[in-house]
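Engineer: got a structure for you, letters missing:
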């Protein structure tokens, strides 16, 4: 494989997180907010960069005053911006949330009917660079319109036989109905060697109702590594050779919304280091716990040293 400028490339949403500085209040009661970079694939790229990986995100902003902030923050957080462009007459998506620890964080999007990242077309992609990176990461939400669906398929075809990971981050507000999302999810499962989801997302796409059933269904469909997140009950991760139930890392939760993305970026680092599934899941779970204890998402992503400290000991390399 030719040398690539990137270890990890992610594809999908970027946005602005306006998160309350006051916990336990409805948005109608909040008076102070802080602004952060956000968007799940963007967060994963930032998380990967924090582990020393060369990372880029393929995304779109609106043509509004938030676009320069996105570029500036990505550069500050060591994520390459060459694949970040603006969409004319579009608005950068804004996300508000409420903070009700430990496990209730309603998320509200202010966005165009077709947000910028769903305008990405297959003919806009640098398929050679996508093909040659070490790991390609995408999400189900990024497939919610025909043009972006086709872009994902083109990227996966370019990477046939290479390491691809997809997060089945089902968000109903982006889809016409659950059946359409399920069909897209099945296409994603068939094209990716690593699949990450929670139990509810597996229920939508696979029709399963337990973590064990979901892992079995994913492996039966040819997935090499299946990861099913269970929130406070930890993570179930499996390959054809190994299955591990990993307990969560204890944390005083502040905001749980970025934990899954921290998990994803750390998982990228672990897989590219050649770790086994248990070690990878323990490392990723600790990274997720760290971010759950912080307010923001992208800028909260931990370094490798911070994750090892949270694990209370560096695992063997």
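Structural biologist: Received the coordinates, thanks. In this text the structure is predicted, and so the values were computed from the model without any measurement. Numbering: from 1, shown residues only.
Engineer: Okay, buried residues for the lengthiest helix in the chain please.
Structural biologist: When the chain is parsed with DSSP state H, its longest helix is helix 277-292. Across helix 277-292, burial judged by 16 or more other C-beta atoms under 10 Å covers 277, 279-292. Quick note: C-beta positions are derived from backbone N, CA and C, even for glycine.
Engineer: Let me know the closest of these to residue 105.
Structural biologist: The closest of these to residue 105 turns out to be residue 292 (C-beta to C-beta; 9.8 Å).
Engineer: The stretch 1-150 of the chain: helices as residue ranges?
Structural biologist: 40-50, 66-76, 127-132, 146-158 (DSSP state H, counting those that start in this stretch).
Engineer: Which one, of these, ends up nearest to residue 263?
Structural biologist: Nearest to residue 263 among the helices of the stretch 1-150 of the chain is helix 40-50 (8.4 Å), distances taken as C-beta to C-beta.
Engineer: so the closest one versus helix 277-292, what angle?
Structural biologist: Here the directions of helix 40-50 and helix 277-292 differ by 110 degrees (axes from the mean of the first three to the mean of the last three C-alpha atoms, to 10 degrees).
Engineer: Tell me what angle helix 40-50 forms with helix 66-76.
Structural biologist: 30 degrees.
Engineer: Check which helices and strands helix 40-50 is in contact with.
Structural biologist: Applying 3 or more C-beta pairs under 8 Å, 6 or more residues apart in numbering; DSSP states H and E, we find helix 40-50 packed against strand 8-11, strand 55-62, helix 66-76, strand 79-80, strand 135-139, helix 259-272.
Engineer: which of those is buried the deepest?
Structural biologist: Highest mean neighbour count among the helices and strands packed on helix 40-50 (mean count of other C-beta atoms under 10 Å): strand 8-11, with a mean of 30.
Engineer: quick one: strands adjacent to that strand?
Structural biologist: Under the criterion DSSP bridges, strand 8-11 sits next to strand 55-62 (parallel), strand 135-139 (parallel) in its sheet.
Engineer: Now do the last one: everything it contacts.
Structural biologist: In this case it means strand 135-139. Residues from elsewhere that reach strand 135-139 (C-beta atoms under 8 Å, 6 or more residues apart in numbering): 7-13, 40-41, 44-45, 130, 152, 155-156, 159, 162-169, 188, 192, 264, 268, 271-272.
Engineer: could you redo the last one with a cut-off of 6 Å?
Structural biologist: Contact with strand 135-139 is made by 8-12, 40-41, 44, 152, 159, 163-167, 169, 268, as judged by C-beta atoms under 6 Å, 6 or more residues apart in numbering.
Engineer: same check, this time on the longest one
Structural biologist: Residues from elsewhere that reach strand 55-62 (C-beta under 6 Å, 6+ apart): 6, 8-11, 14, 41-42, 45, 48-49, 67, 70, 79-80, 83-87, 90-92, 116-117, 119.
Engineer: on that earlier part again, ok, which of the helices of the stretch 1-150 of the chain comes nearest residue 311?
Structural biologist: Closest among the helices of the stretch 1-150 of the chain, once you apply C-beta to C-beta, is helix 40-50, at 15.7 Å.
Engineer: ok, so what distance separates residue 127 from residue 20?
Structural biologist: Distance of residue 127 to residue 20, computed by C-beta to C-beta, to the nearest Å: 41 Å.
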